[in-house]
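Asks: sequence first, predicted model second:
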Amino acid sequence: MELDQLRPEFFEQVMNLRKKILTRCKPKTLNGVQLNGEMFISLTKNYLSAINDGAVPNIENAWSYLCKNEC
């Protein structure tokens, strides 16, 4: 939808939420390294895959995978 098709009240609240997220949330870090969007998505997929397979997500393995993927 185009922005002008949204109710003004909805648009205003979405913009308020966006502002809160951008000003209050700290970037996700892992082992002291700030994750970019691609790294965060890859990490999330890795965790979800482990959970869906009935395993417990292994942060160390996920971090190793991220490092290999980034290189």
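Replies: That came through fine. Since the structure is predicted, the reported quantities are computational estimates derived from the model, not experimental observations.

Asks: please enumerate the strands of this structure.
Replies: Taking DSSP state E, the strands of the chain run over residues 29-30, 33-34.

Asks: do you know which of the ones you listed lies nearest residue 14?
Replies: Comparing the strands of the chain against residue 14 with C-beta to C-beta, the closest turns out to be strand 33-34 (26.0 Å). Bear in mind the C-beta positions are built from the backbone N, C-alpha and C, glycine included.

Asks: helices and strands around the closest one, which ones?
Replies: Where contact means 3 or more C-beta pairs under 8 Å, 6 or more residues apart in numbering; DSSP states H and E, strand 33-34 is not packed against any helix or strand.

Asks: for it, give me every contacting residue.
Replies: Counting by C-beta atoms under 8 Å, 6 or more residues apart in numbering, strand 33-34 makes contact with 27, 28, all of which sit outside it.

Asks: mind listing what it pairs with, with the direction of each?
Replies: Paired strands of strand 33-34, with direction, are strand 29-30 (antiparallel) (DSSP bridges).

Asks: in TSV, list the strands of the chain along with mean neighbour count, mean pLDDT and distance to residue 15.
Replies: Formatted as TSV, the entries for the strands of the chain read as follows, by neighbours: other C-beta atoms under 10 Å; pLDDT from 0 to 100; distance: least, C-beta to C-beta, whole Å:
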stretch	mean neighbour count	mean pLDDT	distance to residue 15
strand 29-30	12	82	27
strand 33-34	12	86	26
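
Asks: any chance of those in TSV, with distance to residue 11 too?
Replies: Compiled in TSV, the strands of the chain are given as follows (distance: least, C-beta to C-beta, whole Å):
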stretch	distance to residue 11
strand 29-30	32
strand 33-34	31
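
Asks: nearest to residue 48, out of these?
Replies: strand 29-30 (15.9 Å).

Asks: coming back round to it: of all the strands of the chain, which one comes closest to residue 65?
Replies: When these are ranked by proximity to residue 65, the top entry is strand 29-30, at 11.4 Å, counting by C-beta to C-beta.

Asks: what segments of the chain are helices?
Replies: 8-24, 37-52, 59-70 (DSSP state H).
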